[in-house]
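Asker: pasting the sequence and the predicted coordinates here, then a few questions.
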Amino acid sequence: MELSEYKKMHEIEDAHWWFNAKRQYINIVLKKFFKNKSGLKILDMGCGTGAVIEYLRLKNQQAMGIDASNIAVDYCRQKNLPVEKSEAHKTKFSGETFDVVLALDLLEHLENPEEAIKEMKRILKQGGLLIATVPAHQFLWSYHDVSLHHKKRYNKESLASLFKGEFFIELISWIHALILPPVIIIRLKNKLIGSNGGSDVRQSGKITNLVMKFLYIFELGFFNIFKYLPFGLSLIIVARKENNGNDFKNQ
């Protein structure tokens with residue numbers, strides 16, 4: 001990811017509606033599978049500038065992170081967060097260390113995500129959860145993906161295929177549903193005019209944040225009840241480590 005993208009993320013992710021929504025999605029999943037249990041050992045792989053770790057630690061979880069970028073690690077250490085520099089496919093943790101491993105917008109950056117998923121399985125406890133989010137719809141590939149150094153965008157089948165044989169898939173769903181139509185229009189318009197700007201991550205005004213927060217109340221409420229959305233800009237998958245768990249259960 002470009003240096004400028006880390007700087008933007010550091011400056012805006014505490015208040016920006018997109019990052020707030022992502023944290024709320026994770027909170028909903030944790031509540032579903034752990035019934036408001038505190039003290040979970042959680043590793044945020046590819047933790048970026050650390051806002052998810054901060055959020056989870058405020059909820060009394062034992063959250064820490066790793067990131068392959070020195071820039072990201074430095075930002076996290078400025079916040080006194082427990083973060084180490086490490087590649088996703090080869091960590092220094094002992095086997096069966098964590099209750100939860102997060103891979104939030106990480107897999108799309110990796111040349112070989114299968115190797116990282118094997119490592120996540122190794123360091124998860126039996127019955128532990130891997131929660132991953134990825135950008136969806138390859139036809140939306142744009143300057144945004146290039147600036148963030150993405151390798152691809154996923155669909156349900158390609159995402160699920162990464163986990164078959166390694167995990168039992170508890171849940172897979174679209175997320176960020178309400179912003180999909182405007183994003184499609186913006187991305188296609190920019191393709192037509194040949195825009196090659198940076199990513200779509202940028203400062204959002206107070207009014208925009210308020211409007212988007214209101215819209216996400218409905219979207220997150222729907223997801224909280226049904227644990228499913230029929231469409232969206234991104235995908236979320238929840239996969240459990242089991243001795244013989246390699247089936248794909250549709251939700």
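Answerer: The structure has been received and is ready for your questions.

Asker: buried sites along stretch 37-46?
Answerer: By neighbour count with 16 or more other Cβ atoms under 10 Å, stretch 37-46 contains the buried residues 40-46. Glycine gets a C-beta too; all of them are placed from N, C-alpha and C.

Asker: with stretch 209-217 instead?
Answerer: Result for stretch 209-217 [16+ other Cβ under 10 Å]: buried residues 209, 212, 216.

Asker: state the mean pLDDT of stretch 21-29.
Answerer: Averaging pLDDT along stretch 21-29 yields 97.

Asker: ok, the residue nearest in space to the middle of the chain - contacts?
Answerer: Centroid-nearest residue in the chain, with Cα atoms, centre = their mean: L104, separated by 1.9 Å. With contacts taken as Cβ atoms under 8 Å, 6 or more residues apart in numbering, L104 has the following neighbours: 22, 26, 44, 46, 52, 131-133.

Asker: again, only using 7 Å
Answerer: 22, 52, 133 (Cβ atoms under 7 Å, 6 or more residues apart in numbering).

Asker: again with K32
Answerer: Counted by Cβ under 7 Å, 6+ apart, K32 has contacts K227.

Asker: again, but for K191
Answerer: Contacts of K191 (Cβ under 7 Å, 6+ apart): S142.

Asker: does it count as helix, strand or coil?
Answerer: State at K191, reduced to three classes by DSSP: H, G, I helix; E, B strand; the rest coil: helix.

Asker: mind checking pLDDT for it?
Answerer: 78.

Asker: the residue nearest to the centre of the chain bridge partners, please.
Answerer: T133 (DSSP bridges).

Asker: any idea which helix or strand in the chain has the lowest mean pLDDT?
Answerer: When each helix and strand of the chain is scored by mean pLDDT, DSSP states H and E, helix 3-12 comes last, with a mean of 83.

Asker: and the next element down the chain from that helix?
Answerer: Next in sequence after helix 3-12, counting helices and strands by DSSP states H and E, comes helix 17-34.

Asker: buried stuff in that following helix?
Answerer: 17-26, 28-30, 33.

Asker: name the residues that touch the lengthiest helix in the chain?
Answerer: In the chain, with assignment by DSSP state H, the single longest helix is helix 206-226. Helix 206-226 is contacted from outside by 15-17, 21, 24-25, 28, 175, 177-178, 229, using Cβ under 7 Å, 6+ apart.

Asker: and I237, what does it touch?
Answerer: With the criterion set at Cβ under 7 Å, 6+ apart, I237 makes contact with 132, 159, 163, 169, 171-172.

Asker: recalculate using a threshold of 8 Å.
Answerer: I237 makes contact with 130-134, 159-160, 163, 169, 171-172, according to Cβ under 8 Å, 6+ apart.

Asker: including neighbour count, could those residues go into TSV?
Answerer: What follows is those, written out as TSV (neighbours: other Cβ atoms under 10 Å):
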residue	neighbour count
L130	25
I131	22
A132	28
T133	23
V134	24
L159	21
A160	18
F163	24
I169	22
L171	19
I172	21
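
Asker: perfect, I'm done here.
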